[in-house]
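A.B. asks: Quick one, structure for this:
(2 chains)
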Amino acid sequence: MTPDILILAQEAADSSKLAATIWSGLSLGAIYALLAMGFVIIFKATHVLNFAHGALAALGAFFVASFATIIDVPGRWMPNAPAWLTWGLAVVLALIAAALVGMLLERLFLRPMVGEELFAVAIVTLGIDIVVRNITNDWIGTDIRPLGDPWGTNFFDLGFVRIAHTEIAQFVVSIVLVVGVALFFRSRTGIAMRATAFDQEAARAQGINVGRIFAISWAIGAVLAAVGGIFASTFPRRTGVDQATAFFAFKAFPAIILGGLDSIVGAVIGGFVIGLAEVAAGTYLEQFEFLGTGFGGVVPYIVMLIVLLVRPYGLFGTEEIRRV
Amino acid sequence: MRGRPLLFTSYEADQALMPTTTKKVALTVFLVALVLVPVYDVIPFAPDFLAKDDWLKVLTNVMIFAIGALGLNILTGLAGQVSLGHAFFMGLGAYTAAALGAPEGPLVGLGLPMWIWLPAAAVVPALVGVLVGPTAVRVRGLYLAIVTLGLVFIGEYLFRNTESWTGGSQAGRTFPRFQFRFWKEEEPLVDFSRKGEWFGIELSNEAKTYILLLGFAIVATLIAKNIQRTRVGRAFQAIRDRDIAAEVMGVDEFRYKLLAFGISSAFAGVSGALLASFVGRTIPERWDLLLSVQFIAIILIGGAGTVTGTLMGALFVIALPRVVQDFTAWLSDKIDAGEGIIAKVGDVFIATSGDDFGIVNTLPGTGPGLSVFQLNLVIYGLLIIVFLIFEPLGLYGIWLRVRNYWKGWPFTY
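C.D. replies: Residues are numbered from 1 along each chain as shown, chains lettered A, B, ... in the order given. Presented below is the predicted three-dimensional model:
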């Protein structure tokens, strides 16, 4: 993960440093925000701290790679269709597959744990992470699997900053998804989900199908993870999905903690803060010899530690009320 | 109190290490059996494959991981603080040991004897644990798990970038050997890293190392058990069960949480130093998240909060990869040999050639199928899940049920 950040930083040094830093920081932050948002939705609705989020992101990106390039579905049946259409359909298929995997995992491993201690459930997801990550990595193999996206390596050169087409797509998608999630919480299902997040038993007593809400929230979480995974493995960050993709998503954890585990607004803001901090550290602190290589990669964790020292529940997290 | 083993008339008797005669006898037999493992090949009816050098290495690893897991058990099982940062403290212990104990050379190394570097490998991580403790004590629950996760990544970065201490990612560094010296004399007093004769029995270096680490593991178990059943351990458990209630009863939460971090880090440091010395050469990436997760797996599969369970977990988790590896090798031999029901069933699971389909692939890099290494990791993951869902008390819970069944036998109540 770190070398790409360094390449980014190098590029930034060539053109106007500050503008480029802010731009690539924001674009990295948007990915963290997507990952963090899916994570928070799962945590809020089902009270599960999902350590498998990174694995789900890698799996989603790999689904896109396999539908778009490896098995070439639906592209093999539509030879004359434009590239953006076949790729778009492949992405839709991949997201459906990711959502199904999310729902399956919830049904198999997390439904039996309802009502157990939060720790125990979190450790179950740690187990899921190991299983999903290793199977995904086995499918990916040792190569880098390109996603075959239609934007390729094109970019607009504004002189002081280079804006890749993927980054524009990423911002559009992120904004659509953030607004979509906000609107979703106003819909009937969304209100049911908020009720479930508040009190599972009371929600049940009001006739809400809590199991269905769990399944939906895992599906949404897995789709958001997959979208984050897709943009994490395209230009200008990487050339495809590989075995390191799952670890990339671990850096979304500082973003979540920064914003507070149960705050969606916090997740989005935390994502951007962490993204900016990481790229800025990679650009401006690189000249300091004593910091060594890869300092940008640990900046998110250091920021997280400092914020937690001041605010133990993150910036927007609900403080746990403790009583005997 | 003959014949009434469960009648305790004093608190001391209730908390005794070996409350019953049966337990005393069983434990003595078990310990003797453990010490005699290296000479199993000359003892009749003993499982002599254990005395082979490669299995002795597996057992030595079990001892090393048991020491580290006992530490994590104190923090997570007793004090209830989930930590994913165990690997960081292990690395810290290992590099402390190397800086003090490794011979002078291009990397930092003072060549001091083992009685200095091993305690130092406990003290330095404990101090660092107490230093980062205040952050960790302030955050609670799930936030703590993620903070300690960050610790592993920060630690890896630090180890990678202090090349004069750790040797960097490319080369790694060597660690001090298991040798007893008074000071820096040429010939060590007792050398566990070379084969030789003890009490008229010819022992390989693996056998000697095994016996040394068995000794360390026994000491560590005694310490852990004594922490658990005395004042400090009871304070930890009070904090785990309800922190505010514990504070109301006069348990200083801050102090005891710091203490738990310190103790756990000390165990981790010793375990890390022993692991590094046992392996000989290690790169900074050795101390990664997977190592921490392995320890979590050990205490959960064994049974969180119990010393016996932790030891069982260490044996299970560390010996499992070896068993799986032997099993797949045995199965592919059967398949290659051809006919028979085992070969047919096995063929479904194992791919022995490039175009063969199977869940497990014995030829890495060809076709689909997990490698044996990946299969082991997947089994770890599944075991963590399965134990947490079906048997939250772990192997210890299973053992309890078996024991209670036979206690009441032939009555079921």
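A.B. asks: Could you use CA atoms for every contact and neighbour count after this?
C.D. replies: Noted.
A.B. asks: okay, the one residue in chain B that gets nearest to chain A: pLDDT?
C.D. replies: Nearest residue of chain B to chain A, counting by Cα to the nearest Cα: B:Gly381, 4.0 Å away. Looking at B:Gly381, its pLDDT stands at 87.
A.B. asks: do A:Ile130 as well
C.D. replies: 90.
A.B. asks: For the helix or strand hosting it, list every residue counted as buried.
C.D. replies: Applying DSSP states H and E as the criterion places A:Ile130 in helix A:118-140. The neighbour-count check on helix A:118-140 (16 or more other Cα atoms under 10 Å in any protein chain shown) flags A:118-140 as buried.
A.B. asks: who's in contact with the most centrally placed residue in chain B?
C.D. replies: Central residue of chain B (Cα atoms, centre = their mean): B:Phe65, 1.7 Å from the mean position. Contacts for B:Phe65 (Cα atoms under 8 Å, 6 or more residues apart in numbering or on different chains) come out as B:Ser271, B:Phe295, B:Ala314, B:Ile318.
A.B. asks: What of B:Ile154?
C.D. replies: A:Val298, A:Tyr301, A:Ile302.
A.B. asks: Apply 6 Å and report the result again.
C.D. replies: Going by Cα atoms under 6 Å, 6 or more residues apart in numbering or on different chains, B:Ile154 touches A:Val298.
A.B. asks: Kindly confirm my reading that it is in a strand.
C.D. replies: No - using DSSP: H, G, I helix; E, B strand; the rest coil, the assignment for B:Ile154 is helix, not a strand.
A.B. asks: With adjacent residues omitted, what lies nearest to B:Gly262?
C.D. replies: What sits nearest to B:Gly262 in space, not counting adjacent residues and going by Cα to Cα, 6 or more residues apart in numbering or on different chains, is B:Ala126, at 4.3 Å.
A.B. asks: So that neighbour belongs to a helix, correct?
C.D. replies: Yes - under three-state DSSP, B:Ala126 falls within a helix.
A.B. asks: What residues sit buried inside the host helix or strand of the residue of chain B closest to chain A?
C.D. replies: Taking DSSP H and E as the criterion, B:Gly381 maps to helix B:372-390. Buried residues in helix B:372-390, counted by 16+ other Cα under 10 Å: B:372, B:374-389.
A.B. asks: what does stretch B:161-172 give?
C.D. replies: Buried-residue list, stretch B:161-172, by 16+ other Cα under 10 Å: B:Asn161, B:Glu163, B:Trp165, B:Thr166, B:Gly167, B:Gly168, B:Ser169, B:Gly172.
A.B. asks: Repeat that for stretch A:282-291.
C.D. replies: Going by 16+ other Cα under 10 Å, stretch A:282-291 has these buried residues: A:Gly282, A:Thr283, A:Glu286.
A.B. asks: which helices and strands does the longest helix anywhere in chain B pack with?
C.D. replies: Longest helix in chain B, counting residues (DSSP state H): helix B:307-337. Applying 3 or more Cα pairs under 6 Å, 6 or more residues apart in numbering or on different chains; DSSP states H and E, one finds that helix B:307-337 makes contact with helix B:53-72, helix B:289-302.
A.B. asks: Adding mean pLDDT, write these out as JSON lines.
C.D. replies: Listed next are those as JSON lines, based on pLDDT from 0 to 100:
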{"stretch": "helix B:53-72", "mean pLDDT": "93"}
{"stretch": "helix B:289-302", "mean pLDDT": "89"}
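A.B. asks: Distance to A:Asp72 added to those helices, as JSON lines?
C.D. replies: Output for those, formatted as JSON lines (distance: least, Cα to Cα, whole Å):
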{"stretch": "helix B:53-72", "distance to A:Asp72": "46"}
{"stretch": "helix B:289-302", "distance to A:Asp72": "34"}
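A.B. asks: Quick one: closest of those helices to A:Gln243.
C.D. replies: For A:Gln243, the closest of those is helix B:289-302, at 14.5 Å, according to Cα to Cα.
A.B. asks: hang on, the earlier thing: my guess is the residue nearest to B:Gly262 contacts B:Ala266, does it?
C.D. replies: Yes - with contact defined as Cα atoms under 6 Å, B:Ala126 counts as touching B:Ala266 (4.7 Å).
A.B. asks: Among the contacts of B:Phe65, which one is most surrounded by other residues?
C.D. replies: B:Ser271 (33 neighbours; other Cα atoms under 10 Å in any protein chain shown).
A.B. asks: if I look at it, how far off is A:Leu28?
C.D. replies: Remark: distance between B:Ser271 and A:Leu28 (Cα to Cα, to the nearest Å) = 38 Å.
A.B. asks: Now B:Asp191, what are its backbone angles?
C.D. replies: phi -110, psi 110 (degrees, to the nearest 10).
A.B. asks: What is the neighbour count of the closest residue to it other than its chain neighbours?
C.D. replies: Nearest non-adjacent residue to B:Asp191, counting by Cα to Cα, 6+ apart: B:Gln179, 4.5 Å away. For B:Gln179, the count of nearby residues is 17 (other Cα under 10 Å).
A.B. asks: Tell me who's in contact with B:Gln179.
C.D. replies: B:Gln179 touches B:Val190, B:Asp191, B:Phe192, counting by Cα under 6 Å, 6+ apart.
A.B. asks: Return the distance of A:Asp199 relative to A:Gln206.
C.D. replies: A:Asp199 is 11 Å from A:Gln206, by Cα to Cα.
A.B. asks: Oh, that last question was meant for B:Phe236, not what I typed.
C.D. replies: Taken as Cα to Cα, the span from B:Phe236 to A:Gln206 is 40 Å.
A.B. asks: same thing with A:Tyr32?
C.D. replies: From A:Tyr32 to A:Gln206 the distance is 35 Å (Cα to Cα).
A.B. asks: So these two - more neighbours on which side?
C.D. replies: A:Tyr32 (33 against 10).
A.B. asks: Which pLDDT does the model give the nearest residue to the more buried one once chain neighbours are set aside?
C.D. replies: Once flanking residues are discounted, A:Tyr32 sits nearest to A:Gly271: 4.7 Å by Cα to Cα, 6+ apart. pLDDT recorded at A:Gly271 is 93.
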